[in-house]
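1. give me coordinates for this.
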Amino acid sequence: MPEQPHTEQTRTEQQPAERPHTGHGFGRVLVAVYGLLALAATGRSILQISEYFDRAPVSYVLSALAAVIYIVATIGLARGDRTSVRLATVALTVELVGVLVVGAISYAVPSAFPDKTVWSHFGSGYGYVPLLLPLVGLWWIRRTNRASEAVAPELAAPAESES
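-> Numbers count the residues shown, from 1 in each chain. Predicted structure coming up:
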């Protein structure tokens, strides 16, 4: 009887343990919400810039910036590779800071934001989703990074040299 190859070792060599991915599971919902927000923010900013730019140019440019950040975050979370996740982390951090700063300024100096923008009033025009979404996104990235380290610790940390 011919010797059977060790199937478990062969399976492991052929199919390494799949690393958790920011675009899988709950991440798909997160990517969909970011994609929808990117679409809404892009459309709104284009309309505001093309029709009402002279009314509040800074706030409308900030809306366009928010739209770009949402697009970057959507792509980064969907792709899920190391570089994309780092880019998404930066985008989400900038988004959170932007929402907090612009939200505070929009209450302190209401004349600077005559119309609602994505980040004005902490995203109230979008149901405060712009305030909550970066927190959820950063949590998700952290969770998937920790899960990746648990699945493949040799990929997450540099190999120690043996003495």
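2. which parts of this structure are helices?
-> Using DSSP state H, the helices of the chain run over 7-14, 26-52, 57-79, 82-108, 129-151, 153-156.
3. okay, the ones you listed, which one's buried deepest?
-> Greatest average neighbour count among the helices of the chain goes to helix 57-79 (a mean of 21), per mean count of other C-beta atoms under 10 Å. Glycine gets a C-beta too; all of them are placed from N, C-alpha and C.
4. export the helices of the chain as JSON lines, with columns for distance to residue 114 and mean pLDDT.
-> Shown next, in JSON lines, are the helices of the chain (distance: least, C-beta to C-beta, whole Å; pLDDT from 0 to 100):
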{"stretch": "helix 7-14", "distance to residue 114": "61", "mean pLDDT": "48"}
{"stretch": "helix 26-52", "distance to residue 114": "9", "mean pLDDT": "93"}
{"stretch": "helix 57-79", "distance to residue 114": "8", "mean pLDDT": "93"}
{"stretch": "helix 82-108", "distance to residue 114": "10", "mean pLDDT": "95"}
{"stretch": "helix 129-151", "distance to residue 114": "19", "mean pLDDT": "87"}
{"stretch": "helix 153-156", "distance to residue 114": "48", "mean pLDDT": "52"}
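5. of those helices, which is nearest residue 121?
-> Closest to residue 121 of those is helix 82-108 (C-beta to C-beta; 5.1 Å).
6. report the inter-axis angle for the closest one versus helix 26-52.
-> Here the directions of helix 82-108 and helix 26-52 differ by 50 degrees (axes from the mean of the first three to the mean of the last three C-alpha atoms, to 10 degrees).
7. which other helices and strands contact helix 82-108?
-> The contact analysis (3 or more C-beta pairs under 8 Å, 6 or more residues apart in numbering; DSSP states H and E) places helix 82-108 against helix 57-79, helix 129-151.
8. any chance of the helices of the chain in TSV, with distance to residue 116 too?
-> Output for these, formatted as TSV (distance: least, C-beta to C-beta, whole Å):
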stretch	distance to residue 116
helix 7-14	53
helix 26-52	9
helix 57-79	9
helix 82-108	9
helix 129-151	11
helix 153-156	42
